[in-house]
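**Student:** fold the following for me, if possible:
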Amino acid sequence: NLYSVAFAGYARATIEVGPAYLAPPEVWTHDPATERPPTLGAAEMYAERLMFHGPQFQGVTEVHALGDMHVRGIVTAPVPPGALLDNALQLIGNWLITTQPFRTVALPVGLGRVRFFGPPPPAGRAFVCVARVRSIDDGKLVADTQLSYQGRVWAQIEGAVDRRFDSHPQARVAERFPERYPMSHFQPEGWTMAFDCWTDLVTRGMAARGILGGAAYAEYERHPAKTRKQWMLGRIAAKDAVRSRLWEQGHTDIYPIELTVGNDPDGRPWVRGRPGRGLDDCDVSLAHCAEIGVAIARLRPAGSPAATPGVGIDVAEITDHPDSTFGFALTDGEAALLASLAGGDAATRRLWFTRFWAAKEAVGKAEGTGLDGKPRRFQVREATDSVLTVEVAGRAYRVGHREVDNPEDLPTRRYVVAWTWGPEPDPATPPGVSRP
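**Tutor:** A predicted model of the protein is given here:
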């Protein structure tokens with residue numbers, strides 16, 4: 001009596017039923033001499049969020065012993081139907097985390113066979129659980145698991161397949177405690193930068209769901225594959241820039257998903273907190289390029305409209321440009337200033353032009369207009385190794401700038417980040433942040 005079952009395209013299985021439960025197999029045993037004490041207890045496994053499961057699905061109650069290719073413990077049947085089998089697989093996760101040096105993130109992708117030798121147990125029943133690892137390589141882990149009660153096997157999972165993933169050191173703690181730690185790098189000047197730290201589409205998609213939220217994740221999915229990652233990096237940097245300001249105000253435990261990033265009709269970004277949290281509004285600017293996203297945020301009084309002009313930030317890769325780009329972007333005065341700074345050196349000219357361009361973009365964002373196809377309207381008047389002065393519409397902006405590099409595990413690129421807190425005189429800056 002075989003039945004084919006499918007769940008809305010997400011999972012499928014073949015189910016065999018019969019008039020009675022089959023006789024159970026022998027309970028697995030292991031020589032204690034092949035085992036060692038566990039290094040990660042059940043309670044710690046959940047408290048440290050090394051498993052992402054919520055309280056209703058936290059059924060591993062003890063970890064007794066580890067072997068080179070097995071683990072033993074106690075799994076207590078939770079209330080939700082079906083959670084008990086998931087708990088058995090969580091015990092395999094404990095073995096993976098504590099015995100393997102890398103690729104310790106795993107997701108179940110298949111079960112060879114599950115056999116039941118008795119009716120579903122009541123919630124609260126404690127089962128001895130033994131998991132045996134058949135094989136493991138960089139891509140997957142295959143294991144068998146047995147659940148027994150009072151010396152009798154209740155269920156046996158054969159050929160459980162987990163796909164293994166990397167977890168980047170920068171992302172690891174933020175994935176486990178997203179309400180307390182940023183995915184971005186906070187910079188001493190008060191802005192944030194986030195790099196691509198996902199090695200595959202699955203882990204990036206998981207991060208997108210947890211950071212962006214349902215509606216924003218749907219928007220993320222609508223973006224072309226080529227620009228999706230950059231769009232996400234800009235949102236991550238913006239949420240972390242706002243959270244840094246709110247944490248400075250004394251707010252605690254702010255999940256990225258509690259913040260929504262959007263754009264006004266003119267394109268200026270905004271970030272709004274979940275209603276009822278009492279989170280202050282911020283003026284925000286963000287940018288992204290290749291494998292980096294950057295953002296800057298400044299608190300504003302509750303209920304007040306977004307400042308215009310406001311804050312602005314941009315990031316641009318240092319690269320070659322055709323001569324026509326210089327003519328389009330620079331006035332004659334700026335071209336002369338660039339020539340005096342570069343001194344005839346092509347690499348220096350490339351660097352200073354990128355600084356000019358990023359500064360113009362940052363001021364355009366602070367103005368709320370962008371460059372609007374008229375970069376020469378934003379004129380660089382003065383330049384030092386740390387600050388540019390940009391004028392537009394009778395306003396002068398001090399624009400900080402510096403270079404940053406991709407981490408070693410990403411393609412070799414060097415960028416200029418340029419930022420401004422607003423036009424002179426003396427724009428407000430967050431506590432502890434120096435003006436450019």
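**Student:** how about the backbone phi and psi for V284?
**Tutor:** Backbone torsions for V284, taken as degrees, to the nearest 10, come to phi -140, psi 150.
**Student:** so it makes contact with W270?
**Tutor:** Yes - taking CB atoms under 8 Å as the definition, V284 is a contact partner of W270 at 6.3 Å. Every C-beta, even on glycine, is put in place using the N, C-alpha and C of the backbone.
**Student:** quick one: contacts for T104?
**Tutor:** L96, I97, R164, S167 (CB atoms under 8 Å, 6 or more residues apart in numbering).
**Student:** hmm, 6 Å instead?
**Tutor:** Listed by CB atoms under 6 Å, 6 or more residues apart in numbering, the contact partners of T104 are L96, I97.
**Student:** and it, what's its pLDDT?
**Tutor:** Note on T104: pLDDT of 89.
**Student:** likewise the one 5 residues further on?
**Tutor:** Model confidence at V109, given as pLDDT, is 93.
**Student:** hang on, the earlier thing: more neighbours: which of V284 and W270?
**Tutor:** Neighbour totals were compared for V284 and W270, and V284 leads with 25 against 16 (other CB atoms under 10 Å).
**Student:** burial count for D266?
**Tutor:** 9.
**Student:** for the closest residue to it other than its chain neighbours, give its distance to I236.
**Tutor:** In space, and not counting its chain neighbours, D266 is closest to G368: 6.2 Å by CB to CB, 6 or more residues apart in numbering. As defined by CB to CB, to the nearest Å, G368 lies at a distance of 23 Å from I236.
**Student:** before we move on, what about A396?
**Tutor:** In terms of CB to CB, A396 sits 32 Å off from I236.
**Student:** likewise for W419?
**Tutor:** 17 Å.
**Student:** show me where the stretch 251-400 of the chain has its strands.
**Tutor:** Taking DSSP state E, counting those that start in this stretch, the strands of the stretch 251-400 of the chain run over residues 259-263, 269-273, 282-289, 292-299, 312-317, 379-383, 387-392, 395-405.
**Student:** can you tell me which of the ones you listed is nearest to M232?
**Tutor:** strand 292-299 (7.6 Å; CB to CB).
**Student:** tell me what angle the closest one forms with strand 269-273.
**Tutor:** Interaxial angle of strand 292-299 relative to strand 269-273 (axes from the mean of the first three to the mean of the last three CA atoms, to 10 degrees): 60 degrees.
**Student:** show me what strand 292-299 is packed up against.
**Tutor:** strand 191-195, helix 225-248, strand 282-289, strand 312-317 (3 or more CB pairs under 6 Å, 6 or more residues apart in numbering; DSSP states H and E).
**Student:** C-alpha coordinates for that strand, PDB please?
**Tutor:** C-alpha atoms of strand 292-299 as PDB (Å, rounded to 0.1, in the frame of the first residue of the first chain):
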ATOM      1  CA  ILE A 292      30.200  46.500  -0.900                       C
ATOM      2  CA  GLY A 293      27.300  48.500   0.500                       C
ATOM      3  CA  VAL A 294      27.700  51.600   2.700                       C
ATOM      4  CA  ALA A 295      25.300  53.800   4.600                       C
ATOM      5  CA  ILE A 296      25.200  56.800   7.000                       C
ATOM      6  CA  ALA A 297      22.400  57.800   9.400                       C
ATOM      7  CA  ARG A 298      21.700  60.700  11.700                       C
ATOM      8  CA  LEU A 299      18.900  60.900  14.300                       C
END
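**Student:** note down every partner strand of that strand and its orientation.
**Tutor:** If you go by DSSP bridges, strand 292-299 pairs up with strand 191-195 (antiparallel), strand 282-289 (antiparallel).
**Student:** could you dump these to a markdown table with mean pLDDT and distance to Y181?
**Tutor:** As requested, the strands paired with strand 292-299 are exported to a markdown table (pLDDT from 0 to 100; distance: least, CB to CB, whole Å):
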| stretch | mean pLDDT | distance to Y181 |
| --- | --- | --- |
| strand 191-195 | 97 | 13 |
| strand 282-289 | 96 | 19 |
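**Student:** dump these into CSV; add distance to E424 as well.
**Tutor:** Converted to CSV, the strands paired with strand 292-299 look like this (distance: least, CB to CB, whole Å):
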stretch, distance to E424
strand 191-195, 19
strand 282-289, 17
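**Student:** out of those, nearest to E26?
**Tutor:** With respect to E26, and counting by CB to CB, the nearest of these is strand 191-195 at 51.9 Å.
**Student:** what does the closest one rub up against?
**Tutor:** Here strand 191-195 has contacts from 183-186, 233, 236-237, 240-241, 291-296, 313, 407, 419, using CB under 6 Å, 6+ apart.
**Student:** with stretch 88-95 instead?
**Tutor:** So stretch 88-95 is contacted by 40, 45, 51, 60, 63, 71, 73, 75, 108, 129, 131, 143, 145, 147 (CB under 6 Å, 6+ apart).
**Student:** which residue, other than its chain neighbours, is closest to the first one?
**Tutor:** Of all residues beyond its chain neighbours, the one nearest L40 is T98 (4.9 Å), with distances taken as CB to CB, 6+ apart.
**Student:** give the next helix or strand downstream of the helix or strand harbouring the one you found.
**Tutor:** In the assignment (DSSP states H and E), T98 maps to helix 83-99. Once the chain leaves helix 83-99, the next helix or strand it forms, by DSSP H and E, is strand 105-116.
**Student:** if we can go back for a sec, surely the residue nearest to D266 meets T308?
**Tutor:** Yes - contact criterion CB atoms under 6 Å: G368 and T308 qualify, at 4.8 Å.
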